[in-house]
Each structure stands twice: as structure tokens, then as C-alpha cells.
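Q: What would the 3D arrangement of this be:
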Amino acid sequence: MNKFNYTIVQATSVHLDGLTALEEACFTQDKISRRSYRALLQKNSAIILAAIKNETIIGACTLLFRKSSTTARLYSI
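A: The predicted model follows:
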């Protein structure tokens with residue numbers, strides 16, 4: 001743990017409910033759907049990092065990668 005008492009993990013399907021709840025709590029429109037999160041979690045070209053405090057996701061970011069590129073795209077934060 002760090003001084004802020006949260007951890008950052010690579011999200012998996014176990015985190016799907018928490019990711020969806022965070023999205024619903026933070027945005028009124030242009031939200032990532034549960035279906036889209038499920039697809040992103042299964043893609044080899046995407047990584048979702050989740051900040052977790054007291055077993056609750058308090059933040060997340062989604063990075064997308066391309067085979068032909070050495071850079072990543074920050075898709076969502």
C-alpha cells in the first residue's frame with residue numbers, strides 16, 4: 001500500500017461490476033458500457049488499470065495498443 005491506501009492492479013473480468021459502477025457514478029453520457037468493458041478486458045491490445053481502495057474501484061484508465069506502434073493510446077481515464 002502507498003500513503004493514500006489504494007493499490008493499482010490490471011483489471012480482469014472479476015472487476016467488471018466495479019468498472020461499470022464507477023462509470024455509472026462518474027458520467028451521465030458517453031459512458032463505456034458493460035459490454036464494451038467486457039470486450040476490452042478480453043483484448044490483447046488493451047489494458048485496464050484499476051485503483052482499488054477498501055475493495056472498491058475508485059479510479060480506472062484504459063490503454064489501447066497497436067501492433068505496428070511503440071506508443072499507447074489513453075482511451076479512458
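
Q: can you pull out the helices in this protein?
A: According to DSSP state H, the chain carries its helices in the segments 16-26, 34-42.

Q: Of the ones you listed, which is nearest residue 58?
A: Residue 58 lies closest to helix 16-26 among these, at 7.6 Å (C-beta to C-beta). No exception for glycine: its C-beta is placed from N, CA and C like everyone else's.

Q: Quick check: which ranges of the protein have low pLDDT?
A: Within the chain, the segments meeting pLDDT under 70 span 1-2.

Q: Which parts of it are strands?
A: Using DSSP state E, the strands of the chain run over 7-10, 46-53, 56-65, 72-76.

Q: Show me how far the first one is from its chain's centre.
A: A distance of 10 Å separates the C-alpha centroid of strand 7-10 from that of its chain, computed with C-alpha atoms, centre = their mean, to the nearest Å.

Q: Let me see the contact set for the one residue sitting closest to the centre of the chain.
A: The residue lying closest to the centre of the chain (C-alpha atoms, centre = their mean) is residue 48, at 3.7 Å. Taking C-beta atoms under 8 Å, 6 or more residues apart in numbering, we find residue 48 in contact with 10-11, 15, 19, 37, 40-41, 60-63.

Q: The same query, at a cut-off of 6 Å, please.
A: By C-beta atoms under 6 Å, 6 or more residues apart in numbering, the contact list for residue 48 reads 11, 62.

Q: ditto for residue 61
A: 49, 77.

Q: So what pairs up with it in the strands?
A: With DSSP bridges as the criterion, residue 61 is bridged to residue 49.

Q: Against residue 50, how distant is it?
A: Here residue 61 is placed at a distance of 8 Å from residue 50 (C-beta to C-beta, to the nearest Å).

Q: what do you get for residue 23?
A: Separation of residue 23 from residue 50 (C-beta to C-beta): 12 Å.

Q: same question, residue 63
A: 12 Å.

Q: And the two? Which one has more around it.
A: residue 50 (21 against 16; other C-beta atoms under 10 Å).
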